[in-house]
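Trainee: just coords:
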Ligand SMILES: C=CC1=C(C)c2cc3[nH]c(cc4nc(cc5[nH]c(cc1n2)c(C)c5CCC(=O)O)C(CCC(=O)O)=C4C)c(C)c3C=C
Ligand SMILES: [Fe+2]
Ligand SMILES: [Fe+2]
């Protein structure tokens with residue numbers, strides 16, 4: 001067998017120019033798992049968004065772009081290289097949207113004679129608009145272009161001990177500097193999508209305190225999984241309940257998204273007397289537009305304008321050695337059959353069910 005690892009992240013525009021950002025936003029938002037309405041309505045909504053958003057987003061991208069390219073892509077490539085060195089196996093990187101594309105990457109892997117792939121989505125939490133769409137796209141492309149490849153998928157890992165340990169150790173220097181309050185800011189999703197990915201159809205956002213009442217729905221509940229990460233982190237660093245909170249950022253459109261919204265929560269914390277705020281974004285494993293611009297630039301402005309004094313942000317896991325180690329363990333366990341490692345299980349565990357979507 002010729003095994004390999006495939007890392008998939010979200011993707012960025014090819015450049016921060018308005019036409020490239022428009023192309024990126026069009027591909028991203030026309031995904032039926034991102035704007036989950038019938039095609040004609042989605043086309044209309046995305047058409048409306050594409051009138052103004054490409055210019056605004058291009059401006060935001062210009063503030064974080066590096067000489068090597070988008071931070072998300074540059075960091076993901078560095079992670080790819082480091083993981084390849086540690087594993088001594090091919091490690092490929094693809095983006096769900098734009099480049100390097102999933103079809104090009106699978107094509108290259110097939111040409112290299114790879115016939116066994118363990119996919120690790122660079123999304124620790126299950127959402128139909130991130131983890132699920134990445135997995136489904138890879139499965140579709142493998143089935144069409146390289147059906148001989150045996151593909152396994154890393155399940156979501158919101159409470160994976162190695163991921164939590166990497167988060168805590170990467171945060172340690174910021175925790176030690178001192179702060180009044182730690183805000184966990186996760187990317188938001190529409191509430192409707194939380195209900196859609198609930199296989200019981202009777203738990204998520206229906207049952208009181210749903211995310212803390214045991215349910216099979218949690219395997220695909222983004223909100224539950226975000227709370228789980230935050231609770232484990234706080235517990236393991238010994239942070240009392242009144243010194244941390246969870247909020248959801250980056251909402252788009254008028255539908256209700258998961259609350260509280262990060263921008264409102266940052267202002268509320270400042271107004272309630274928090275002087276030194278520390279923010280961490282555990283849904284993003286690489287720094288990107290949403291962490292560097294929305295949290296790093298706009299979040300700081302909001303906090304200081306609302307009366308806060310010191311604002312600090314913990315960088316994402318990026319290339320932290322413990323994150324590379326966590327990925328290495330996931331990869332070795334996922335590929336145990338091909339690596340003939342009797343200590344590891346060859347079954348990476350169940351991949352949660354897939355949400356039906358309207359045809360694209
Ligand atoms: C962490 C997981 C992510 C989820 C869940 C997610 C859902 C989601 N996102 C949008 C709309 C946009 N997101 C944008 C950027 C962006 N989103 C994620 C991750 C998740 N999104 C990342 C890592 C990034 C940054 C990409 C980069 O190049 O750095 C954008 C583009 C930027 C902008 O115009 O604001 C949009 C749009 C929706 C609608 C959604 C769930 C329905
Ligand atoms: Fe997003
Ligand atoms: Fe839930």
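Mentor: Sure, I can see it. Computed from a predicted structure; not experimentally measured. Ligands and ions are numbered 1, 2, ... in the order given.
Trainee: please count neighbours and contacts with C-alpha atoms only from this point.
Mentor: Noted.
Trainee: find the nearest non-adjacent residue to residue 323, please.
Mentor: Taking C-alpha to C-alpha, 6 or more residues apart in numbering as the measure, residue 323 lies nearest to residue 166, with 5.3 Å between them; neighbours along the chain are not counted.
Trainee: now stretch 147-167: buried residues?
Mentor: Buried residues in stretch 147-167, counted by 16 or more other C-alpha atoms under 10 Å: 149, 151-160, 162-167.
Trainee: which ones, among those residues, also lie beside ligand 3?
Mentor: Near ligand 3, taking C-alpha under 5 Å from the ion as the test, no member of the buried residues of stretch 147-167 is found.
Trainee: among those residues, which are in helices?
Mentor: Applying DSSP state H to those, the entries found in helices are 162-167.
Trainee: and residue 44, how many residues sit next to it?
Mentor: 11 (other C-alpha atoms under 10 Å).
Trainee: quick one: is the helix or strand where it lies near ligand 1?
Mentor: When elements are assigned from DSSP states H and E, residue 44 belongs to helix 39-64. Yes - Helix 39-64 reaches ligand 1 (C-alpha under 6 Å from any ligand atom) through residue 57.
Trainee: just how off-centre is that helix within its chain?
Mentor: Its chain's C-alpha centre and that of helix 39-64 lie 20 Å apart, by C-alpha atoms, centre = their mean, to the nearest Å.
Trainee: how about the helix or strand following that helix against ligand 1, any contact?
Mentor: For helix 39-64, the succeeding helix or strand toward the C-terminus, using DSSP H and E, is helix 71-87. Yes - on the criterion C-alpha under 6 Å from any ligand atom, helix 71-87 is in touch with ligand 1 at residue 72.
Trainee: could you check the angle helix 71-87 makes with the following helix or strand past helix 71-87?
Mentor: If you walk from helix 71-87 toward the C-terminus, the next helix or strand you reach (DSSP H and E) is strand 91-95. Strand 91-95 and helix 71-87 are oriented at 160 degrees to each other (axes from the mean of the first three to the mean of the last three C-alpha atoms, to 10 degrees).
Trainee: which elements pack onto strand 91-95?
Mentor: strand 3-9, helix 71-87, helix 102-111 (3 or more C-alpha pairs under 8 Å, 6 or more residues apart in numbering; DSSP states H and E).
Trainee: between these, which one is nearest to ligand 3?
Mentor: Closest of these to ligand 3 is strand 3-9, at 24.1 Å (criterion: C-alpha to the ion).
Trainee: on that earlier part again, list the buried residues of the helix holding residue 44.
Mentor: Using 16+ other C-alpha under 10 Å, the residues of helix 39-64 that count as buried are 39, 42-43, 45-46, 49-50, 53-55, 57-58, 60-61, 64.
Trainee: and the helices in the chain?
Mentor: Remark: helices assigned in the chain by DSSP H are 18-29, 39-64, 71-87, 102-111, 133-145, 161-177, 191-196, 222-237, 262-271, 289, 300-305, 321-334, 336-339.
Trainee: what residues does the stretch 251-360 of the chain have near ligand 1?
Mentor: 252, 283-284, 288-290.
Trainee: now find how far off-centre stretch 189-202 is within its chain.
Mentor: Counting by C-alpha atoms, centre = their mean, stretch 189-202 is centred 18 Å from the centre of its parent chain.
Trainee: hmm, that stretch touching ligand 3?
Mentor: No - applying C-alpha under 5 Å from the ion, one finds stretch 189-202 separated from ligand 3 by no less than 7.0 Å.
Trainee: and the contacts of that stretch?
Mentor: By C-alpha atoms under 8 Å, 6 or more residues apart in numbering, the surrounding residues in contact with stretch 189-202 are 127-129, 204-205, 216-218, 220-223, 251, 255-258, 354-355.
Trainee: just the buried residues of the residues you listed.
Mentor: Of the members of those, the ones counted as buried by neighbours, 16+ other C-alpha under 10 Å, are 127-129, 204-205, 217-218, 220-223, 251, 257-258, 355.
Trainee: just those residues that are near ligand 3?
Mentor: Intersecting the buried ones among the contacts of stretch 189-202 with the contacts of ligand 3 gives 204, 221 (criterion: C-alpha under 5 Å from the ion).
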